[in-house]
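Chemist: Sequence and predicted structure are below.
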Amino acid sequence: MGEKPSHEIGRARHVAIIMDGNGRWAKRRGLPRSIGHQRGVEAVRELVRSLANTGLDCLTLYAFSSENWKRSDDEVGDLMNLMRKFIKSDLPEFIANDVRLKIIGDWQALAPDIVEMLEDALDKTSNGSRVLAVALNYGSQQEIARAAAKAAAIGEVNERSIAAHLDTADLPPLDLLIRTSGEIRLSNFLLWQSAYAEMLFIDTLWPDFTPQMLSHALDDFAQRERRFGGR
Ligand code: IPE
Ligand code: IPE
Ligand code: MG
């Protein structure tokens, strides 16, 4: 029987993070929200640098939700510019660190220059072995609706066919979902994929999140008993 499911090994293969709290991090320091987002990008960079040491096959990061368009034009503009800067500055590192970029969500609807940069980054990292999946313009309900429509189009609507059409279809099952900043909600992130994921909600604001914290989360995960409804 093929590869053992990760719950039998105790090692997480796929962790997803809702990177929340950039605004509050800045507010506490009397700084503009944009600085919080900048520091948030630095936390992402450190985490990606540590990816090889985590033993993970996939790290999925919630960077921009389909609901985040509701923010001010200034803030959305700042976030899009940060994205442009980050792809440009960090693509060489991704390639050097064997990272394979993947984007989930309705990313093709982003500004054409960003779509082009992302396509280039996807192409240039396609041989990487550890997946960094970034959720951009992502909403889980929309993703499920899209997948269900595709499943219906082939006349086969069931759990398996819907899962096969999700943006995450080619990723390992989600083992652990982490949210920073103390909020205890999913905010339209990986609703389907979280069915049996372990959850960890921590008070740390995203810019203060470190690779050591991820490592502790993975140790914590290894101690959990996952039962998947069985005994
Ligand atoms: C997370 O930080 C980043 C994005 C949602 C893009 P927030 O901007 O949500 O920070 P808070 O929640 O206001 O502190
Ligand atoms: C979720 O955080 C989205 C991202 C982290 C990208 P939000 O800050 O947008 O979520 P709510 O509004 O607090 O639920
Ligand atoms: Mg928030």
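Modeler: Arrived safely. Ligands and ions are numbered 1, 2, ... in the order given.

Chemist: residues in contact with Ala135?
Modeler: Contact analysis of Ala135 by CB atoms under 8 Å, 6 or more residues apart in numbering lists Thr60, Leu61, Tyr62, Ala63, Phe64, Ser65, Ile103, Ile104, Gly105, Phe189. Placement of C-beta: from N, CA and C, glycine included.

Chemist: Show me what from the protein comes close to ligand 1.
Modeler: Counting by CB under 6 Å from any ligand atom, the chain comes close to ligand 1 at Met19, Asp20, Gly21, Asn22, Gly23, Arg24, Phe64, Asn68, Leu79, Ser181, Trp206.

Chemist: ok, now with 8 Å
Modeler: Residues of the chain lying close to ligand 1 by CB under 8 Å from any ligand atom are 19-27, 33, 36-37, 40, 62-65, 68, 71, 75, 79, 181, 183, 205-206.

Chemist: Now do the SS call for Leu218.
Modeler: Following DSSP: H, G, I helix; E, B strand; the rest coil, we place Leu218 in the helix state.

Chemist: What of Asp203?
Modeler: coil.

Chemist: So among the residues of the chain next to ligand 1, which ones count as buried?
Modeler: Those of the residues of the chain next to ligand 1 that meet the buried threshold are 19-26, 33, 36-37, 40, 62-65, 68, 75, 79, 181, 205-206, by 16 or more other CB atoms under 10 Å.

Chemist: Filter the residues you listed down to the ones in helices?
Modeler: Under the assignment DSSP state H, those contribute Asn22, Gly23, Arg24, Trp25, Ala26, Arg33, Gly36, His37, Gly40, Glu75, Leu79 to helices.

Chemist: Next one: the residue nearest to the spatial centre of the chain relative to ligand 1, how far apart?
Modeler: With distances taken as CA atoms, centre = their mean, Leu61 lies nearest the centre of the chain, 2.0 Å away. From Leu61 over to ligand 1 the distance is 10 Å, taken as CB to the nearest ligand atom, to the nearest Å.

Chemist: measure that residue to ligand 2 for me?
Modeler: In terms of CB to the nearest ligand atom, Leu61 sits 8 Å off from ligand 2.
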